[in-house]
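sharing a model prediction with you, sequence too.
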Amino acid sequence: MPRSYAAERGGEIWIYNVYIPEYLQANRFNHEPRRPRKLLLHKREIGKLAGAVQKDGKTIVPLKLYFNDKGRAKLELALARGKKLHDKRETEKEARLATREIAAVEDHGLTRQVFFATVFNLLESCAQVVDRVCITCG
């Protein structure tokens, strides 16, 4: 779920830019894949998340979307804080080294799977996870 986030709007938490593909067997009344979706949370949870965003400047990011035993969609959220400048420089340095390693690997004829694994690991390290919350997606 790259580039997706959650924000408080009108006393509710909404998730933005999450791609949920259209149902292939549906007709012309299918849903829009990237529409904002309201999350079902208790008022206490909304207050906790909204307070952390406003007070501490953190961001609500989705980590995992799955279905439980009852067939309900569940979304695992995290409160994350952005990197400091020195952390960003370190990550950029690691990315440059990784691209050099990938170029060297490709020169030897290996596959691009190494590249995607490295990029995925770098994306995971872009935000530091502070707190995790599991909620129901509506």
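It's in. Residues are numbered from 1 along each chain as shown.

contacts, neighbours, all on C-alpha from now
OK.

quick one: pLDDT of C137?
C137 is assigned 48 on the pLDDT scale.

all strands for this protein, in order.
5-9, 12-16, 37-40, 59-67, 73-81, 128-137 (DSSP state E).

of all the ones you listed, which lies closest to E90?
Of all the strands of the chain, strand 128-137 sits nearest to E90, with 14.2 Å by C-alpha to C-alpha.

quick one: average pLDDT of the helix ranked longest in the chain?
Counting residues, the longest helix found in the chain (DSSP state H) is helix 85-107. Per-residue pLDDT values over helix 85-107 give a mean of 80.

if I pick the closest residue to K38 other than its chain neighbours, what's in contact with it?
Leaving aside its sequence neighbours, K38 sits nearest to W14 (C-alpha to C-alpha, 6 or more residues apart in numbering; 4.4 Å). For W14, the contacting residues are A6, A7, E8, P36, R37, K38, L39, by C-alpha atoms under 8 Å, 6 or more residues apart in numbering.

which among those gets closest to R100?
Minimum distance to R100 across the contacts of W14 is 34.9 Å, recorded for A6 (C-alpha to C-alpha).

shouldn't the closest one be in contact with I15?
Yes. Judged on C-alpha atoms under 8 Å, A6 makes contact with I15 at a distance of 4.2 Å.

who has more neighbours, the two?
Set A6 next to I15 and count neighbours by other C-alpha atoms under 10 Å: A6 wins out with 24 against 21.
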